[in-house]
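Undergrad: Predicted model and sequence below, questions to follow.
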Amino acid sequence: MNFIPKLTNPIFNNLSPDEQNYLSQVAQTTTFEIGAVLIHEGEIGQDFYVLLEGKVVVTKEGETPAETLQLATLEAGNVLGEISVITNNPRSATVTAVEKTTALIINVAKIKQDKNPQAQSIAEKLIQNLAIELSKKLIYYGDKIVKYTEEDQNKFLLADNIVAPSSILVLLGWKWSDIMHEAPFLAEHGYDAIKISPPQEFVTRNGNPWWAIYQPVSYHLSKFYGSQEEFIKMVDFCHSYNLKIYVDLVLNHMADFCATESSHQGTNGTTFSQYHYGPLNNDNDYYEFDNFYHFHEQTNKQISAEDYCKLDGVWHLEHYDLVSLPKLNVENPHVISILRKYVKYLLSLGVDGFRIDASKHLNVKAVEKIFAGLKTLNGLKPFRYQEYYTGAPMGMDIYSFMEKYFKIGYVTAFEYGAFLADAIANKNNTLQKLVDYSFGSSWVHYPENRTVTVIDNHDTERMMPNMLNYKCTQNNAYVLAYIFMLAWPFGVPKIMSSFRFNEHDDPLPDKPVWQNSQFVGFASDSPWVAQHRWNAIANMVLFNKRTKNARGISHRWTNGNQVAFARTYQKPKEYLASIGFVVINDSEKPLTRRFETGLPDGEYYNLISSYLNGGNMQGPTITVENYGFANIEVAPFDAVVIMVDFMK
């Protein structure tokens, strides 16, 4: 029987006509009735199946029949059984027909044993192609292999129904229309969540300092960024590209009533006086004197430097004013009600999640009340991550102290950026230490599924000399840090996209990022830095997304600040399939070495120096041969990154 018309699956793409003719002699088709089992979990098998018609369900046994886990429902075009073929291990799941199903069955072991000269080459190609196909749909659930379709993936990410992004992009100060125009580029390069600046009406100050955006006057959308209609259009357009929108949420305080200012109003024209703000929303709610904390007759105490490091200062952090910003009394039901209305309003506009500003200063129980039961328009719990700088008071176990914040959502790990900056600079750490000692939870003391990793943000780039920022161009330090963060499997990486500044208080730019449907952020007179568009960073975001579920590290090689490793689908002590390989040379000497990459043989684009053009990668390539070996040259303070999704 001629099977060639059925060999349309991608795993057969690189087979010659003669090789396809050979498969037509050894392959067979079988039809399974409803309820028939194609694959039994635990059995040994060297057959893989290509579904031609029908539908099957994939299940994994629990400790009892009632705990059986349904992993996926698969239809025509899917490949089954490839894990056992690649690993020679027992079947990892059971596959049962739920409709009358026809499958093409190929036994790789028989092909390997065939003395036909082309058989070995065909077997090697099939295994390589199966590994690539497997890399697109395999994760681990605990220590169990889990296969699932794209539609099912959110069920397995977090038990508490928070869907975590692969990364978060911060577009500091961008207008709604500019964000909308940027969406196609972001989607193409693997970005899937955008954190926008605080959207509420904020105070106007002399000189328009950037930090004014963190001083609310009302909870109406600020006209500085655009209209409500433009906001909704931006959100909807980003959603059409599968881009989530997160809002920077200021819950702690209101705008400072500064006596030296000639006027006291917001960007929409709303005026305020000391401890009097409103109307705050469409319900004409107001904040009055009793809605703020007061520990003096007419004002409040301010937080001291000592409060940040002592356990008895935690109460002060949650009740006293942060600098001169009037602290909202979040134990007051009226305040909780207004803040909850604001969050509900943003969710009604399509927002997917929030960055909670100044979480160290917020009462956790109050935050829980604000968010209790609230869902996105898709019926999901909104993703939340909290700005928390840094850790626990002196002498306290960080994890135990921070556990209450982990219950709210993710937490920014500023210590991650400090450690990484220190290693890039080759001071007290090196990249070798980060790789050899599994840089992650044991370093920052946050659980992986509650960590947002941070290299820089709007505060650190102005105030933290121990952390990197866009001005750190010497030895390519800033870019190398982002390459490492986006290549190394820990937490949710945050990417900063900021604007140029000379002084701490420089204002947000008034120049657009897009003009006449053209990106002008890199024009000679543009104030925007747009790090997210730097080629190495943009392509590494794509690498990060494509390797999101390949949490294993294999094929490690370290030499001070020269390191290499593969991203791998992995079980404990057992490598399954590597899909990406990273080499970073953070030294002044060129690096030339023959590496074992763990990748299938082929020509791979170097993502650091290649460019996406119309959806296709173009640029220099690296050759992988002889079952995964590659001769790789890396210039000083540079990197090479390759992966199976971008082969020539």
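TA: Yep, it's here.

Undergrad: By residue count, tell me the biggest strand in the chain.
TA: Ranked by residue count under DSSP state E, the longest strand found in the chain is strand 574-585.

Undergrad: mind listing what's buried in that one?
TA: Within strand 574-585, the residues scored as buried using 16 or more other CB atoms under 10 Å are 575-585. (Each C-beta comes from the backbone N, C-alpha and C, glycine too.)

Undergrad: Columns distance to residue 345 and pLDDT on top of those residues, output as a markdown table?
TA: Formatted as a markdown table, the buried residues of strand 574-585 follow (distance: CB to CB, whole Å; pLDDT from 0 to 100):
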| residue | distance to residue 345 | pLDDT |
| --- | --- | --- |
| 575 | 49 | 66 |
| 576 | 47 | 78 |
| 577 | 46 | 86 |
| 578 | 46 | 92 |
| 579 | 42 | 94 |
| 580 | 41 | 97 |
| 581 | 47 | 98 |
| 582 | 43 | 98 |
| 583 | 48 | 98 |
| 584 | 45 | 98 |
| 585 | 50 | 98 |
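
Undergrad: Identify the farthest-apart pair in those residues.
TA: 576 and 585 (28.2 Å; CB to CB).

Undergrad: give me phi/psi at residue 526?
TA: In terms of degrees, to the nearest 10, the main-chain angles of residue 526 are phi -80, psi 140.

Undergrad: Enumerate every residue touching it.
TA: Under the criterion of CB atoms under 8 Å, 6 or more residues apart in numbering, the contact list for residue 526 reads 511, 513, 520.

Undergrad: switch to 10 Å and redo it
TA: 499-500, 509, 511-513, 519-520 (CB atoms under 10 Å, 6 or more residues apart in numbering).

Undergrad: Looking at the residues you listed, spot the one nearest residue 116.
TA: residue 519 (55.2 Å).

Undergrad: Which strand residues bridge the closest one?
TA: Residue 519 has these beta-bridge partners by DSSP bridges: residue 514.

Undergrad: any idea how far it is from residue 185?
TA: As judged by CB to CB, to the nearest Å, residue 519 and residue 185 stand 7 Å apart.

Undergrad: so what sits against both of those two?
TA: Taking CB under 10 Å, 6+ apart as the criterion, residue 519 and residue 185 both touch residue 533.

Undergrad: circling back to that earlier point, for PyMOL, write the select line for the buried members of the contacts of residue 526.
TA: Selection of the buried residues among the contacts of residue 526 in PyMOL, burial being defined by 16+ other CB under 10 Å:
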select buried, resi 499+509+512+513+519
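
Undergrad: May I ask which two of the contacts of residue 526 are separated the most?
TA: 500 and 519 (16.6 Å).

Undergrad: Now residue 369. Nearest residue, chain neighbours left out?
TA: By the measure of CB to CB, 6 or more residues apart in numbering, the closest residue to residue 369 outside its immediate chain neighbours is residue 336, 5.3 Å from it.

Undergrad: quick one: the one you found is in a helix?
TA: Yes: assessed with DSSP: H, G, I helix; E, B strand; the rest coil, residue 336 lies in a helix.

Undergrad: Give me the neighbour count for it.
TA: The burial count assigned to residue 336 is 19, neighbours taken as other CB atoms under 10 Å.

Undergrad: State the distance from it to residue 367.
TA: Using CB to CB, residue 336 is found at 10 Å from residue 367.

Undergrad: overlap in contacts of the two?
TA: In contact with both residue 336 and residue 367: 251, 330, using CB under 10 Å, 6+ apart.

Undergrad: can you give me the strands for the stretch 451-600 of the chain?
TA: Listed in chain order, the strands of the stretch 451-600 of the chain (DSSP state E, counting those that start in this stretch) span 451-453, 492-497, 514-515, 518-519, 552-559, 562-571, 574-585, 591-596.

Undergrad: can you give me the angle the last one makes with strand 562-571?
TA: In this structure, strand 591-596 runs at an angle of 20 degrees to strand 562-571, with axes from the mean of the first three to the mean of the last three CA atoms, to 10 degrees as the basis.

Undergrad: and the direction of strand 591-596 versus that of strand 574-585, what angle?
TA: If you take the same axes, to 10 degrees, strand 591-596 sits at 170 degrees to strand 574-585.

Undergrad: chain center to strand 591-596, what's the gap?
TA: A distance of 30 Å separates the centroid of the chain from that of strand 591-596, by CA atoms, centre = their mean, to the nearest Å.

Undergrad: avg pLDDT for that strand?
TA: Strand 591-596 comes out with an average pLDDT of 97.

Undergrad: contact partners of it?
TA: Contacts to strand 591-596, defined as CB under 10 Å, 6+ apart, come from residues 554-555, 557, 559, 562-566, 578, 581, 583-585, 622, 624, 626-636, 638-640.

Undergrad: Low-confidence regions, the protein specifically.
TA: Along the chain, the parts satisfying pLDDT under 70 run over 1-8, 62-68, 70, 132-161, 571-575.

Undergrad: From residue 118, how far off is the closest residue to residue 15 other than its chain neighbours?
TA: Spatially, and ignoring its direct neighbours in sequence, residue 15 is nearest to residue 125 (6.4 Å; CB to CB, 6+ apart). From residue 125 over to residue 118 the distance is 10 Å, taken as CB to CB.

Undergrad: Between the two, which is the more surrounded one?
TA: Set side by side, residue 125 and residue 118 show more neighbours around residue 125, with 19 against 15, by other CB under 10 Å.

Undergrad: Give me the phi and psi for that one.
TA: phi -60, psi -40.

Undergrad: Tell me who's in contact with it.
TA: Contacts for residue 125 were tallied using CB under 10 Å, 6+ apart; they are 11-16, 19, 600-601.

Undergrad: Could you identify the buried members of these?
TA: For these, a burial check counting by 16+ other CB under 10 Å picks out 11-12, 15, 19, 600-601.

Undergrad: for residue 272, helix, strand, or coil?
TA: Following three-state DSSP, residue 272 is assigned to strand.

Undergrad: which residues does it bridge with?
TA: With DSSP bridges as the criterion, residue 272 is bridged to residue 277.

Undergrad: quick one: contacts for it?
TA: Shown in contact with residue 272 (CB under 10 Å, 6+ apart): 203, 216-218, 254-255, 257, 264-266, 278, 280, 286-287.

Undergrad: Whichever of those residues end up buried, select them in ChimeraX.
TA: Only the buried entries of the contacts of residue 272 go into this ChimeraX selection, using 16+ other CB under 10 Å:
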select :203,216,217,218,254,255,257,264,266,278,280,287
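
Undergrad: farthest pair in the contacts of residue 272?
TA: By the measure CB to CB, 203 and 286 form the most distant pair in these, at 16.7 Å.
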